[in-house]
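Engineer: Fold the following, please.
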Amino acid sequence: MFTKTQSTGPTFSRDIRALLLIQGVMNASHFMTVPLLALHMSMTLHFSAAALATVMSANLVSAQVLPLMTGAVADRFGSRRMMALGLWLRGLGFIGFGVTNDVTAWVCFAFVTGSGVACYEGGLYGILGRQPKASLSTLFAANNQMLNMGTAVGPIIGGLAGLADARFAFAGSALLFGLLGAAVFRLKVGLSETSECRPVLSSLRATATNRGLWRLIVVALPWFFLFPQLYVAFPLYAGRLAGPHAASAVYVVNGVIGLTFMLSMKRWLVRINPMKATMYAYLAAAIAFASVAFLDGVGWFLLFIAAYTIIETIMLPALETMTASLAIDGSQGTFFGALSATGALGGAAGYYTGSWLILNGTSLETWTIFGSVGVLGFVASALILPAIPRQVLLK
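Structural biologist: Below you'll find the model as predicted:
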């Protein structure tokens, strides 16, 4: 798999290939449980829409706000221990999901799980962002490919476990996160060293004053609103159409289509201008989301999921490539943390809006609003992205 991944671009080091493999297994562990979370809270634990959104938002806010600090800490002191801690915290959070039925406890464990994401990604994306700029498009495409592999495999395993009890899936994810944390901890010390160690405050200052990054953040906010629907609106809507197992089908389609598209279009994805990719991905998202209001049946909805997956597979590497290209050497983790932290605003709004619309709104209202957000992203990217320095084009 990695041989094929590298055939269209630079060759990655053994440590980077190991990290990409860990990404695939990590995402498989993650998606063993994600398809079950919203349905388990809604149908088994009978949480209200507000409680469900609060749990998901606690996870989102900690996962996306804390990377601003964890990324800066990793930039200064190294990434290996930060990544291992993050994986172990995620395992602890999933253990908590399996042993409690209380809303407050779920919010706390969701925060712990999100903190684990922040620690892990704060270290990981600092490492990926420090790779040679000429390889960034290929690297983030390969990263997305491995994540899609995990997305394809995880829901199948989790769905089988969920046939008996969703808590088995929670336990399986916790075990995998624990093992991955041990694997990361044993990686070479050199993997965690930065090319230029910057003090935490210096990294935060450089990030806060980078105009290009703030332009990119504004453009990315509509996507941060739409992306959480993969975890709330999509599984709830599919479950309403065809029962709880349709939620797992959403993620299987998401992973399989994403991996297939990535493998078949790898050369194009590596070469495409990330600014244009972002703009046209938003336009496609606007059309795709709005179209769901006029489609009927789970088959058509899964077709929408396939279209959404292609958009996601274009959008995420483009945003990551532009972020890494803008980052100052030694502050890569902080730059990714800033994008993630500000994205929590759009994500939290997406969780509350998406869960409320699915549980209380009409299909026309729900999907028209989502489509309108895509239009907003298209307009913002068309107006703002051209002002970002040309180094992000990576041509």
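
Engineer: State the next helix or strand along the chain beyond the helix or strand in which Leu37 is found.
Structural biologist: Using DSSP states H and E, Leu37 maps to helix 14-39. Downstream of helix 14-39, the next assigned helix or strand under DSSP H and E is helix 49-65.

Engineer: ok, now how distant is Ser115 from Arg90?
Structural biologist: For Ser115, the distance to Arg90 (C-beta to C-beta, to the nearest Å) stands at 9 Å. Yep, even glycine has a C-beta here, placed from its N, CA and C like the rest.

Engineer: Same question for Ile156.
Structural biologist: The value you get for Ile156 to Arg90, if C-beta to C-beta is used, is 20 Å.

Engineer: neighbour count winner among those two?
Structural biologist: Arg90 (29 against 18; other C-beta atoms under 10 Å).

Engineer: Report pLDDT for the closest residue to that one other than its chain neighbours.
Structural biologist: Ranked by C-beta to C-beta, 6 or more residues apart in numbering and with sequence neighbours excluded, the top spatial neighbour of Arg90 is Gly116, at 3.6 Å. What the model reports as pLDDT for Gly116 is 91.

Engineer: do the same with Phe109
Structural biologist: 94.

Engineer: Please, which helix or strand holds it?
Structural biologist: Assigned by DSSP H and E, Phe109 falls in helix 103-129.

Engineer: coming back round to it: can you pull the buried residues of the helix holding Leu37?
Structural biologist: 16-20, 22-39 (16 or more other C-beta atoms under 10 Å).

Engineer: and if you look at stretch 289-306?
Structural biologist: Phe289, Ala290, Val292, Ala293, Val298, Phe301, Leu302, Leu303, Phe304, Ile305, Ala306.

Engineer: And the furthest pair within those residues?
Structural biologist: Ala290 and Val298 (18.8 Å; C-beta to C-beta).

Engineer: now for the helix holding Phe109, which elements pack on it?
Structural biologist: On a contact count with 3 or more C-beta pairs under 8 Å, 6 or more residues apart in numbering; DSSP states H and E, helix 103-129 meets helix 14-39, helix 49-65, helix 67-77, helix 80-99, helix 136-164, helix 298-326, helix 332-360.

Engineer: From the chain's centroid, how far away is that helix?
Structural biologist: Relative to the mean C-alpha coordinate of its chain, helix 103-129 is positioned 12 Å out (C-alpha atoms, centre = their mean, to the nearest Å).

Engineer: Give me the buried positions along it.
Structural biologist: Quick answer for helix 103-129 (16+ other C-beta under 10 Å): 103, 106-129.
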